[in-house]
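S.K.: what follows is a predicted structure for the sequence shown.
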Amino acid sequence: MKRKAESSGPAFLFDLDGTLIDSVYQHVLAWREALEAGGIRLAVWRIHRQIGMSGGLFINALSRETGHRVSAEEAERLQRIHAEAFARYASQVRPLPGARELLEHLTRVRIPWAIATSGRRESARLSLELLGVGADAVIITRDQVRHAKPDPDLFIAAAERLGVDVADSVVVGDSVWDLLAARRARALGIGLLSGGYGRDELERAGAYRVYDDPADLLRHLDEVGVRALD
């Protein structure tokens, strides 16, 4: 389906944690609690390297590093403990600089946008409230697709809900997993440094441009094809 004629640029498909919300390190600490509860001990930097994947792939990757085999039942338990731990860190979570302003600006200039997160709806709820996202916004969570990042399913589903072609969309994310998913969806990838990945890593993963945070992206929207309305 083609993009609506009144749009002044490509549709934007946003990751959530580390892209619009400053929550990556709270997720890292929550995962450390969950993994230690399962007898898996890892330095936080190793955990951070996998943030942005779906929970199942995340556990598989860390299990491979440690040699600790995790059953499906144990993986489910670890994800539940992570969700409970993250809820305790939730009071520390804030929108990233410029996140609300960026979404408001895109809405004002009639650019379609959606949020596609590897988190489940319940864990994303607080973050969406902090962003002031309305009930009419397109939100795709892990619960709604078969596979999460680095598979492209989340972004493809978000584009479909917006009624646009994912190949004509811009995917904005903070991790290499977001950009890998963007490439697999044949979308243009934009990287943000606000999740802790370096510029070189994001560019190697396929980022067309890399910006500091949502505020920096807002200042440079013309570089990614957003035109001011006449």
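M.R.: Cool, the structure landed.

S.K.: please report how far residue 141 lies from residue 114.
M.R.: Per C-beta to C-beta, to the nearest Å, residue 141 is found 11 Å from residue 114. In this view, the C-beta of every residue, glycine as well, is placed from N, C-alpha and C.

S.K.: from what I can see residue 224 touches residue 171, true?
M.R.: No. Residue 224 is beyond contact range of residue 171, at 10.8 Å (criterion: C-beta atoms under 8 Å).

S.K.: of the two, give the one with the bigger neighbour count.
M.R.: residue 171 (31 against 17; other C-beta atoms under 10 Å).

S.K.: ok, residue 219 - how many residues close by?
M.R.: Counted with other C-beta under 10 Å, residue 219 comes out at 13.

S.K.: let me redo that: residue 45
M.R.: 9.

S.K.: average pLDDT for the helix or strand where it lies?
M.R.: According to DSSP states H and E, residue 45 maps onto helix 44-48. Per-residue pLDDT over helix 44-48 has a mean of 86.

S.K.: tell me which residues are up against that helix.
M.R.: 24, 25, 28, 29, 31, 32, 35, 62, 65, 196 (C-beta atoms under 8 Å, 6 or more residues apart in numbering).

S.K.: need the per-residue pLDDT for the closest residue to residue 144 other than its chain neighbours.
M.R.: Among residues not flanking residue 144 along the chain, residue 157 sits closest, at 6.3 Å (C-beta to C-beta, 6 or more residues apart in numbering). Looking at residue 157, its pLDDT is 96.

S.K.: so residue 157: helix, strand or coil?
M.R.: helix (DSSP: H, G, I helix; E, B strand; the rest coil).
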